[in-house]
Every structure is written in structure tokens, then in C-alpha cells.
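1. Fold the following for me, if possible:
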Amino acid sequence: MNRTHRITPLPHAEYLKALGSSAPDPRKPPSNALGLLARHPRLAKAFLAFNTYLLVESTLPKRTRELAVLRVAWRRRCRYEWAQHVLIARRAGVTDEEIDLVRTGAPTLLNRAVDELEADSRLSDATYQELGADLDDHQLMDLVFTVGTYGLLATALNTFEVEPDPGIPEENFNSQS
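-> Okay, the predicted model is just below:
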């Protein structure tokens, strides 16, 4: 993993210091993603502020957010994002059956929405109308920004070959369905 052309995440104590007031709770376990971001503190602070909005303040229901993030992670083949967000999704009430629907690409409305955003950078009129039956304008915006942000994060995590954090299971990531 420590190839010269990839960026090695900072250790926990170092990234907490590098991120300063933007650092997460020091009692939380070490994070390879935060260790990577801490290599560029100005970028990390800006990104973490926006990402905190998506994770904590977004108008999107948590279950919807997590199903969308999982679909992005699966499509982008982002092992780190998948492993982390399976755990977060379960805490948000997402079932193993719903996770399997993401993994298999079942024709759910949310899978279709993420797939369209990922493939075409837009939603079809039909998908937009179906989503609009349950989501208001703010939620629709939060969905689009969530998919885009986690696509960006998956690109970074994959490019820099960030490994899942120790002790985090990969949850059938290698299963091709």
C-alpha cells in the first residue's frame, strides 16, 4: 500500500492536530479517510464542513441518504465508502434486504436516481417526478448534492487507495450481483 505515488494517511494523533478545530471527536476510532484529508488541511476543513452538513443537517431522511451513498459506493467500487456506510445505514434503520437491493442494482426508485445521476449527471423527467412525490425541493437538492459529493469522495478514496479502517468488515463487497 505504501507506494510512492499514493498518499499515506496521517496517523490518528497527527491528523487530529493537523485538522485542529475541524477535527472530529478524538474519542472516535482512527479513520484512514480523515488521515488522508489531513494531508491537505485547508481542503479538509472546507470539505468536512460541507460533508458535516450532508451527514448531520441535510433535509434528506437518513435512510434515504444512506441508501444513496451505498449505491454510489457500490457503483464506484469504493471499498472504504461501502464498509463505512453499511454500518451507518444499519444505524439509520436500513435492513440487510435493502442493502442487498443496492448491491444487486434492483430497480428501486432510489437506485434508478443514483444510477441516472452517476451515468448522465442529471435525472430523467420521470425519475424527478417520482422522487418529487415524496421529497420536497430542499430534499431533492440534498439528494443530488449527496450523490455528487460521495461520488467525489469515492474517486479520492479509490485514487489514493485508502483501505477500510481496521476492524471494519467489508460486508460482501467482493460479491458481484
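2. Please go through the chain and pick out the longest helix.
-> In the chain, assigned by DSSP state H, the helix with the most residues is helix 137-159.
3. Any chance you could list what contacts that helix?
-> 33, 36, 50-51, 54, 58-61, 64-65, 68-69, 72-73, 76-78, 80-81, 113-114, 117-118, 123, 128, 131-132, 135, 162 (Cβ atoms under 8 Å, 6 or more residues apart in numbering). For glycine as for every other residue, the C-beta is placed from the backbone atoms N, C-alpha and C.
4. List buried members of those by neighbour count.
-> 33, 36, 51, 54, 58, 60, 64-65, 68-69, 72-73, 76, 78, 80-81, 113-114, 117, 123, 131, 135, 162 (16 or more other Cβ atoms under 10 Å).
5. In helices only, show me these.
-> Here DSSP H is the test, and the buried ones among the contacts of helix 137-159 give 33, 36, 51, 64-65, 68-69, 72-73, 76, 80-81, 113-114, 117, 131 as lying in helices.
6. returning to what we had before: in the longest helix of the chain, which residues are buried?
-> 139-140, 142-144, 146-147, 149-151, 153-154, 156-157.
7. As TSV, those residues with distance to residue 15 and pLDDT would be great.
-> What follows is the buried residues of helix 137-159, written out as TSV (distance: Cβ to Cβ, whole Å; pLDDT from 0 to 100):
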residue	distance to residue 15	pLDDT
139	32	98
140	34	98
142	28	98
143	30	98
144	30	98
146	24	98
147	27	98
149	20	98
150	21	98
151	23	98
153	16	98
154	20	98
156	15	97
157	15	97
